[in-house]
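Chemist: Here is my input; please provide its structure:
(one chain, ligands or ions: 2)
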Amino acid sequence: MSAKILLGCIADDFTGATDLANNLVRAGMRVVQTIGVPAGPLAAEVDAVVVALKSRTIAPAEAVAQSLEALRWLQAQGARQIYFKYCSTFDSTPAGNIGPVTEALMEALGCDFTIATPAFPDNKRTVFKGYLFAGEVLLNESGMQNHPLTPMTDPNLVRVLQAQTRRRVGLIDHAVVARGAPAVRERIAQLRTEGIGIAIVDAVSNDDLLRLGPALADMPLVTAGSGVAIGLPGNFGIAPSSAAGVLPPAGGLQAVVSGSCSLATNRQVLSFIQAGRPALAIDPLRIAAGVDVAAEALAWAAPLLADGPVLVYSTAEAGAVKSVQGRLGVDEAGAMVERTIAGIARGLVALGVRQLVVAGGETSGACVQALGIAQMQIGAQIDPGVPWCHAPAEAAGGAGLHIALKSGNFGTDDFFSKAFTVLE
Ligand SMILES: Nc1ncnc2c1ncn2[C@@H]1O[C@H](COP(=O)(O)OP(=O)(O)O)[C@@H](O)[C@H]1O
Ligand SMILES: O=C(O)[C@@H](O)C(=O)COP(=O)(O)O
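Modeler: Ligands and ions are numbered 1, 2, ... in the order given. The predicted structure is shown next:
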């Protein structure tokens, strides 16, 4: 049995898991990301494990069951603190799952209080007076109101979370956070006496998150985006370092697959095309009509791969996505496109791709599962929230695979080209 872990993390999607792992690695922790709940203990000695689930958009009862299974495994590894990671844009369906999963983890851990904050200032996600901003605008004006699966139409997180949980939701506002950890502890004590179970926490800068960290040291459960992670390793005596993120050398062919329809991804697809790189759009309606779109895409890509990265994408703007959903249904359209892109990712690896960028959280989940990846090591950051990862041998017929899972709204416009230069 390997040594006990310090921090046990449960992420509700796969891009989110690498985002969290990236922040922990940069803060000095040795981290492994597992795909789903492992069958037994890990071989490697690490400070933190991030269990990646694909539970963001599934039925709440199933998300709860999977999260509790992850919790039991993390507890068996000795985890001293549990971190439930969700999206920095607080993505959830109207039925959940952030509230139900938080509540279930609290019950299982016997804790009567936790925090919730998606703040991630490095990616311009800030929370003020309980309102979530993405960039310069409120969440519901950021494009997230048009998300294919988790449209976010209310920026007030106290309200959003309260609608998902029986626990009372309160606020630790910026004036408290700015006064540092003792003031936060004092406010938590006060909220507890008022019967509040979960507090949204304001944070507009990394300094806020670093001030918050020490106040969370004794909390059995923390729920957050990846930002809060920068303030936790210090509680275990761990300091930032660059040593934790070294991957094996990269080789092989390069490709990008994208099923994300977020605004940033739309810009990244356009930028890749404008740079003159080969890009193939796939049409969900042709998949629905029974055309073998994956085979077509692979036949298109095969002769091009030797000349540098290619892109296969279903990425489309909100209007086009809505029209497809209107004809096929939201869930069916999503699942069908995910299955097709996952098949393309597997085919690309069979063609010799060993450096693969996947854009989109749900899309990444489908691809990583189709590739049979069980664990990933975390390497250098490409852009905030997106590191290169390395999946060992079984993922690519014995060769290993460098893979980057890009969250929908992360990354600069030139991400799909720039990513590969980071591996050089
Ligand atoms: N052109 C399209 N029409 C309808 N749905 C699409 C289209 N392209 C992708 N999708 C679906 O939209 C969802 C995008 O979610 P995801 O991969 O998590 O991206 P993001 O990270 O941007 O949220 C997936 O389920 C995907 O299959
Ligand atoms: O916290 C974040 O924003 C990301 O880590 C994340 O979870 C993004 O999810 P997708 O936009 O679905 O990729």
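
Chemist: Ramachandran angles for the residue of the stretch 1-150 of the chain at minimum distance from ligand 2?
Modeler: Residue nearest to ligand 2 within the stretch 1-150 of the chain: Gly16 (2.9 Å; Cβ to the nearest ligand atom). The way it works is simple: take the backbone N, C-alpha and C, and place the C-beta from them, glycine included. Backbone dihedrals for Gly16, given as degrees, to the nearest 10, come out at phi -60, psi -40.

Chemist: which residues does the nearest residue to it once chain neighbours are set aside contact?
Modeler: Nearest residue to Gly16, sequence neighbours excluded (Cβ to Cβ, 6 or more residues apart in numbering): Lys85, at 5.5 Å. Neighbouring residues of Lys85 by Cβ atoms under 8 Å, 6 or more residues apart in numbering: 9-12, 16-17, 19-20, 50, 223-226.

Chemist: from memory Pro392 sits against Gln375, does it?
Modeler: Yes - with contacts counted by Cβ atoms under 8 Å, Pro392 reaches Gln375, the gap being 6.9 Å.

Chemist: Just want to know which of the two has more residues nearby.
Modeler: More crowded of Pro392 and Gln375, by other Cβ atoms under 10 Å: Gln375, with 21 against 16.

Chemist: Backbone torsions only: list them for the more buried one.
Modeler: According to degrees, to the nearest 10, Gln375 has phi -150, psi 150.

Chemist: contacting residues for it?
Modeler: Contacts of Gln375 by Cβ under 8 Å, 6+ apart are 32-35, 38, 42, 391-392.

Chemist: Can you give me the distance of it to ligand 1?
Modeler: Applying Cβ to the nearest ligand atom, to the nearest Å, the value for Gln375 to ligand 1 is 21 Å.

Chemist: pLDDT at that residue, what is it?
Modeler: As predicted, Gln375 sits at a pLDDT of 91.

Chemist: Just the buried residues of stretch 328-335, please?
Modeler: 328, 330, 333-334 (16 or more other Cβ atoms under 10 Å).

Chemist: what about that stretch, distance to the chain center?
Modeler: In terms of Cα atoms, centre = their mean, to the nearest Å, the gap separating the centre of stretch 328-335 from the centre of its chain is 21 Å.

Chemist: Briefly note if the helix ranked longest in the chain comes near ligand 1.
Modeler: Secondary structure of the chain per DSSP state H: the longest helix is helix 330-350. Yes - counting by Cβ under 6 Å from any ligand atom, ligand 1 is contacted by helix 330-350 at 333-334, 337-338.

Chemist: Check the secondary structure at Val222 for me.
Modeler: For Val222, the assignment made with DSSP: H, G, I helix; E, B strand; the rest coil gives strand.

Chemist: That one and ligand 2: what is the separation?
Modeler: Val222 is 14 Å from ligand 2, by Cβ to the nearest ligand atom.

Chemist: pLDDT wise, what is that residue at?
Modeler: On the pLDDT scale, Val222 gets 98.

Chemist: cool, Asp154 as well?
Modeler: Reported pLDDT for Asp154: 96.

Chemist: Compute the number of surrounding residues for it.
Modeler: 15.

Chemist: gap between whichever residue of the stretch 251-400 of the chain sits closest to ligand 2 and Ser262?
Modeler: For the stretch 251-400 of the chain, the residue closest to ligand 2 is Gly361, as judged by Cβ to the nearest ligand atom, at 2.5 Å. As judged by Cβ to Cβ, to the nearest Å, Gly361 and Ser262 stand 9 Å apart.

Chemist: For these two, indicate the residue with more neighbours.
Modeler: Remark: of Gly361 and Ser262, Gly361 carries more neighbours, 30 against 26, as counted by other Cβ under 10 Å.

Chemist: Make sure that one is actually in contact with Tyr86.
Modeler: No - assessed by Cβ under 8 Å, Gly361 is found out of contact with Tyr86, at 10.6 Å.

Chemist: Find residues that contact each of those two.
Modeler: 16, 56.

Chemist: Lys54 versus Ala316, what's the distance?
Modeler: Distance of Ala316 to Lys54, computed by Cβ to Cβ: 22 Å.

Chemist: Can you report phi and psi for Leu305?
Modeler: phi -60, psi -30.
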